[in-house]
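Engineer: one predicted model, sequence on top.
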Amino acid sequence: MRWSFIFILFSISLTAQKQDSLLTALQTKLDSLYSFEATVHLNVDIEHVNMPSKTARIQFEKGKKIKIDSESFIMVPKKGLDFNLQELFRYPYIALRTGQISIGGQECEVFRVIPESPKADFAIATLAIDPKALRLVRSEISTRKNGEFTVEYFYGVPVDALPSEVVVTLSVSDIRVPLRFLAKNAEIDQKNLQADERQGKINILFEDYTINWRNR
Amino acid sequence: MKELLAVELFKIGKQRKTFYGLAAVLVLVAFIMISAFFQGRGFLDIMLKNIQDSFEFQGNLLNAHLIIYLVLNSLWFHIPLILMIVVSGFLTSEYKDRTVEAILLHPVPRWKFITSKYLATAIFSIVLVLVLMLVTFSAAYVFFGSGDLVIFLDGLSFFEPGEALRRLAGAFLSGIIIALFYAITGLTLAVLFREATITWIVSAFFLIVTTMLLKYDFGWPLLNDYFFPKLIDSWQYFFYYDIPYATIWIKNTVLLGYTIIFALTGIRVFIKRDIKP
């Protein structure tokens, strides 16, 4: 029994090493993304949340927090806009190939990425990578603090390196608030904010990209 | 009739209680704005608590439109209360000073006298709501600036500045009908009770009961839809994501119908009854 377990671990280790090359290639490619700017159109699809489509200008620069400028109020998902996966690859990790999956007619390699450091923001991530175009097609990430979320990436043409559309699916608590602002029972209502979890979707369309690659 | 109406408006303009009423409304607006300034952030935190874990927010939600919405909430109770007290005083003070008797000693038809009072009351109510609207919008934009309006009503709804302004203006204009209803009712109660303190107590009682019955389920659709306590929330419908214009239209029309019935009742009682208490 013990030898079987060691053999399985050894096999996984071999698979991980072998598949790491594809992941490393993707990481190298994404690492060369230094900065980009784009206009984004955000559509929030969450039950009990009504929000019109919003337009904003997004600015990404490697190693820095994403900047988003908008004339009106916008809600941006805390996770899912990490295009070069800098959060995912920040600390050493173990990558395991778990098989293949067809997404939108495209055969993708599926990896489980487990961080080795407890400092990592996520507990486990499942990545679906298009090996031909070397692009991320889908990621499912379980974070330590912000729950689970799934990001689907859609690309305009085969050579595009950055997506033209991103769909972030996440869990959102159902919303209950006190009805009266000036009411003294606001604090009591706050205690009763225990709510059901619901799935929410944020659809983000990108256009007018200005991309700055380094060492590519 | 025009002369009588002009005299009534002149009297309203000359009475100190009119300005006390206006001042009370303005103090109320100032109080709501100061409260919102200090407590608004906490209110927004409560409202957005459940999505704050998943989202980052960009933009200022503690803005003029939220403040105006909070002032609009005073249409439930505070503004009607001030209005009913001030308006009932238009007649009870004349009973007290016996000026009603003095006026009716002249060849002035009773119905013309009391109708001009009702018309002057209606004009005063409309002006009061418009002043409230003007002051609220001006002060809110100066001190808080523009921005998206967030409302919790049948879900969490966000409205962009232009849309928020349209909805708030619509709600204020719809609020004129509500103000008219309470003001006319206040004057009718003054006709019925004549004495100021009794009229104020009955007015306050009427307002409390009406507000309580707004959420009460009568179990009978006709009462739930068309009984007057159920009609005083028409302004709130401007903040549903898809505005139910038909509902607003029906509620306001029926409430206007009640207002006219209450006014006719007051006119009839005034004509039929002996002037001396």
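Structural biologist: Here it is on my side, so go on. These numbers were taken from a predicted model, which means no experiment stands behind them.

Engineer: just the strands in the chain please.
Structural biologist: Just going to use chain A. For chain A, strands defined by DSSP state E occupy the ranges A:33-46, A:49-50, A:54-61, A:67-69, A:74-77, A:93-103, A:106-115, A:122-130, A:135-143, A:148-154, A:165-173, A:197-213.

Engineer: hmm, I had chain B in mind actually
Structural biologist: B:55-58, B:149-152, B:156-159.

Engineer: which residues touch the last one?
Structural biologist: Pointing back at strand B:156-159 there. A:48-52, A:73, A:175, A:177, B:47-48, B:51, B:65, B:148-151, B:167, B:239-241 (C-beta atoms under 8 Å, 6 or more residues apart in numbering or on different chains). (Glycine included, C-beta is placed from N, CA and C.)

Engineer: are any of these buried, and which?
Structural biologist: A:48-51, A:73, A:175, A:177, B:47-48, B:51, B:65, B:148-151, B:167, B:239-241 (16 or more other C-beta atoms under 10 Å in any protein chain shown).

Engineer: now do the same contact list for the closest residue to B:F158 other than its chain neighbours.
Structural biologist: Counting by C-beta to C-beta, 6 or more residues apart in numbering or on different chains, A:M51 is the residue found nearest to B:F158 once chain neighbours are left out, at 4.4 Å. By C-beta under 8 Å, 6+ apart, A:M51 lies in contact with A:V44, A:M75, B:S157, B:F158.

Engineer: what about B:A30, how many neighbours?
Structural biologist: For B:A30, the count of nearby residues is 12 (other C-beta atoms under 10 Å in any protein chain shown).

Engineer: quick one, grab the pLDDT at the nearest residue to it once chain neighbours are set aside.
Structural biologist: In space, and not counting its chain neighbours, B:A30 is closest to B:A139: 7.8 Å by C-beta to C-beta, 6+ apart. With respect to pLDDT, B:A139 scores 91.

Engineer: quick check: B:A139 touching B:V29?
Structural biologist: Yes: contact criterion C-beta atoms under 8 Å: B:A139 and B:V29 qualify, at 6.9 Å.

Engineer: and the two? Which one has more around it.
Structural biologist: It is B:V29, of B:A139 and B:V29, that has more neighbours when counted by other C-beta under 10 Å, with 23 against 18.

Engineer: tell me the contacts of the more buried one?
Structural biologist: B:V71, B:L132, B:V135, B:T136, B:A139.

Engineer: what parts of the stretch 151-277 of chain B come near chain A?
Structural biologist: The stretch 151-277 of chain B comes close to chain A at residues B:F152, B:G155, B:L156, B:S157, B:F158, B:F159, B:E160, B:P161, B:E163, B:Y241, as judged by C-beta under 8 Å from any C-beta of the partner chain.

Engineer: who wins on neighbours among the residues you listed?
Structural biologist: Those, ranked by neighbours (other C-beta under 10 Å): first place B:F159, 25 neighbours.

Engineer: what is that one paired to in the beta sheet?
Structural biologist: B:L149 (DSSP bridges).

Engineer: the closest residue to B:L9 other than its chain neighbours: how many residues sit nearby?
Structural biologist: Nearest non-adjacent residue to B:L9, counting by C-beta to C-beta, 6+ apart: B:A120, 5.2 Å away. By other C-beta under 10 Å, the residues close to B:A120 number 23.

Engineer: need the pLDDT of B:A120.
Structural biologist: 92.

Engineer: and it, what is it in contact with?
Structural biologist: B:L5, B:E8, B:L9, B:K11, B:I12, B:F90 are the contacts of B:A120 under C-beta under 8 Å, 6+ apart.

Engineer: among these, name the ones in helices.
Structural biologist: B:L5, B:E8, B:L9, B:K11, B:I12, B:F90 (DSSP state H).

Engineer: hmm, B:F270 and B:R110 touching each other?
Structural biologist: Yes: with contact defined as C-beta under 8 Å, B:R110 reaches B:F270; the gap is 6.3 Å.

Engineer: ok, those two, which is more surrounded?
Structural biologist: Taking neighbours as other C-beta under 10 Å, B:R110 and B:F270 compare with B:F270 leading, 23 against 16.

Engineer: ok, B:I178 to B:L48 distance?
Structural biologist: Using C-beta to C-beta, to the nearest Å, we find B:I178 at a distance of 30 Å from B:L48.

Engineer: now B:V100
Structural biologist: From B:V100 over to B:L48 (counting by C-beta to C-beta), the distance is 56 Å.

Engineer: about what we covered before: most neighbours per residue, which of the strands of chain A?
Structural biologist: Greatest average neighbour count among the strands of chain A goes to strand A:74-77 (a mean of 23), per mean count of other C-beta atoms under 10 Å in any protein chain shown.

Engineer: where does pLDDT dip in chain A?
Structural biologist: A:1-20, A:158-159, A:173-197, A:215-216 (pLDDT under 70).

Engineer: wait, what's in contact with the spatially most central residue of it?
Structural biologist: Centroid-nearest residue in chain A: A:G80, 3.1 Å away (criterion: C-alpha atoms, centre = their mean). The contact partners of A:G80, by C-beta under 8 Å, 6+ apart, come to A:F149, A:V151, A:V166, A:V168, A:L170, A:I202.
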